[in-house]
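**Q** Next one to model:
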Amino acid sequence: MNYKLYLDSSDIYLSVGISLDGKLIYSYQKDCFKRQSEFMMSEIDKALKACSISMKDISEAVIGIGPGSYTGVRISLAIAKTLYAIRNIKVTPLSSLQIMGDYGESYIALMNARSNRSYIGIYSDGKTLVEDQVLGNDEAKKLIEDYLKKGYHLRGDAAYLGLESERPSLVSGLFTNGEHQESYEIVDKLTPRYLKENY
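**A** All right, here's what the predicted structure looks like:
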């Protein structure tokens, strides 16, 4: 049996999921901005108990690797690296913007990068159309409006831009995108993707 653990704590949510042999069997997400470190381990424990398994049954961790909160993106990564060190599990890192939608959908992923900036990435049919980047809010809003006219869905909390958006289902995004992504070979060298240094 192949159990995978799904984790993301990059932005305002805490997300935990478990799949068995390619089927998602547990999914949990709650608003938890800046408090993910307090609750992540207890939520993982609840997930394992709900599935009647233990951490030793997990063969792979699929995680959001950023961009996002400086502390938030490090939580899931630290847990995955610890599991790799202890149990030599596989680790599959995914963009925390990409996981705002399911593989195969057409969507705009958005996060507030603070200081009048936005993290943004655009995806369609499993391909990246606009690479994850940091833009000024005015530039990001113009890009979003261009793609909304093309029928793309806007995912994330866009209220700070005065736009309506859909709440992402991050565990679903981790699961579907993770099925099409190879695990990372050199886990010790895996680092968060902050992007702000490139702005």
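**Q** before we move on, what SS does Tyr28 have?
**A** The local conformation at Tyr28, judged by DSSP: H, G, I helix; E, B strand; the rest coil, is strand.
**Q** List the contacts of the host helix or strand of Thr176.
**A** Per DSSP states H and E: Thr176 is located in helix 170-178. The contact list for helix 170-178 (C-beta atoms under 8 Å, 6 or more residues apart in numbering) reads 4, 6-8, 13, 15-17, 19, 24, 27-29, 62-64, 92, 94, 98-104. Any C-beta I mention is one placed from the backbone N, CA and C, and that applies to glycine too.
**Q** same thing with stretch 32-52?
**A** Here stretch 32-52 has contacts from 3, 5, 7, 9, 11-14, 16-18, 20, 25-26, 28, 54-55, 69, 71-72, 75-76, 79, using C-beta under 8 Å, 6+ apart.
**Q** residues near Lys34, how many?
**A** As a burial measure, Lys34 scores 10 neighbours (other C-beta atoms under 10 Å).
**Q** Could you do Gln133 as well?
**A** Gln133, neighbours per other C-beta under 10 Å, totals 18.
**Q** and if you look at His153?
**A** 16.
**Q** State the distance from the nearest residue to it once chain neighbours are set aside to Lys23.
**A** Excluding its sequence neighbours, the residue lying closest to His153 (C-beta to C-beta, 6 or more residues apart in numbering) is Tyr107, at 4.5 Å. Counting by C-beta to C-beta, to the nearest Å, the gap from Tyr107 to Lys23 is 23 Å.
**Q** And for Arg193?
**A** From Arg193 to Lys23 the distance is 29 Å (C-beta to C-beta).
**Q** In three-state terms, label Ser15 for me.
**A** strand.
**Q** I'd guessed it sits against Tyr28; true?
**A** Yes: counting by C-beta atoms under 8 Å, Tyr28 is a contact partner of Ser15 at 7.0 Å.
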